[in-house]
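sequence plus predicted model, see below.
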Amino acid sequence: MTRMTSLMSRVARWLSLLALVAMTGCVNMQMYVDGTTKEVDAAQFRKTSPPHAVQVLFEFQTKGVSNARATETLKARLLEQVRQSGVFSAVGEAPVDGGALLSITLNNVPLTDNAFSKGFATGLTFGLAGSQVSDGYVCTASYGTGGGAVPIVKMARHAIHTTIGNAAAPGNATKMANADAAVTAMMHEVVSNVLNDVSNDPAFK
């Protein structure tokens, strides 16, 4: 199963330390999607009449730097979500008649300081001292139709929390089966928010 490089690179640092106590079988890792950002139902999106085609560009970033592997992993999911939104008549990566362009960036930024130290403490205590690390995600959508018009820019934020060892589940969060499921759910929710905000902007056409 595909793993998100940006998120799992942080978790991997923890796991390298926890390898010292792997034989105990007592170290546990769980992932949670933050519950603050809720999915917006596509029924709330405003559609143009008639709807038109749009070119969609997507980039995943890690601390503001392009992450090509993660971009390639998530691009198809992002395009399918925009298609299923019903906002546009056609969605693709090539330029379209009319020049409509939707650019979406998802930037992974760490929210928890000293994650390495926390993971080290968990390892030394054989998982008895739990730790939590949180990854933030800033989703920015820019939509324009060319011709010198000012683009519509919207932003939404989300987070994924990872606990290791004997740590309590974070409040207001949903437990996920693995990293791929966590990233998929997070992205779907945060993108639904920027799509909703873009489509309901008075300048959207």
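Everything's here; your move.

and the next element down the chain from the lowest-mean-pLDDT helix or strand in the chain?
Lowest on mean pLDDT, DSSP states H and E among the helices and strands of the chain sits helix 115-124, with a mean of 43. Once helix 115-124 ends, the next helix or strand along the chain (criterion: DSSP states H and E) is strand 131-144.

show the average pLDDT along that next one.
Per-residue pLDDT over strand 131-144 has a mean of 92.

tell me the angle of the helix or strand just after it relative to strand 131-144?
Next along the chain after strand 131-144, taking DSSP H and E as the criterion, comes strand 152-164. Computed by axes from the mean of the first three to the mean of the last three C-alpha atoms, to 10 degrees, the angle separating strand 152-164 from strand 131-144 equals 160 degrees.

buried ones in strand 152-164?
Of all the residues in strand 152-164, those buried under the rule 16 or more other C-beta atoms under 10 Å are I152, K154, A156, R157, H158, A159, I160, H161, T162, T163, I164. (Each C-beta comes from the backbone N, C-alpha and C, glycine too.)

strands of this protein, start to end?
Counting by DSSP state E, the segments of the chain that form strands are 29-34, 53-62, 65-66, 90-92, 101-110, 131-144, 152-164, 173-176.

with distance to L74 added, can I get those strands in JSON lines?
What follows is the strands of the chain, written out as JSON lines (distance: least, C-beta to C-beta, whole Å):
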{"stretch": "strand 29-34", "distance to L74": "15"}
{"stretch": "strand 53-62", "distance to L74": "6"}
{"stretch": "strand 65-66", "distance to L74": "13"}
{"stretch": "strand 90-92", "distance to L74": "15"}
{"stretch": "strand 101-110", "distance to L74": "7"}
{"stretch": "strand 131-144", "distance to L74": "11"}
{"stretch": "strand 152-164", "distance to L74": "14"}
{"stretch": "strand 173-176", "distance to L74": "16"}
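
closest one to M187 among those?
M187 sits nearest to strand 101-110 of all the strands of the chain, at 6.4 Å, using C-beta to C-beta.

so where's this structure shaky on pLDDT?
1-27, 112-130 (pLDDT under 70).

run the last query once more with 50
Scanning the chain for pLDDT under 50 picks out 1-3, 13-26, 115-128.

for P202, find the nearest of the strands of the chain.
Among those, strand 152-164 comes nearest to P202, with 9.3 Å by C-beta to C-beta.

partner strands of that closest one and their direction?
For strand 152-164, sheet partners with direction are given as strand 29-34 (antiparallel), strand 131-144 (antiparallel), following DSSP bridges.

using TSV, lay out the ones you listed together with mean neighbour count and distance to S85.
TSV is the format used below for the strands paired with strand 152-164 (neighbours: other C-beta atoms under 10 Å; distance: least, C-beta to C-beta, whole Å):
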stretch	mean neighbour count	distance to S85
strand 29-34	22	20
strand 131-144	21	12
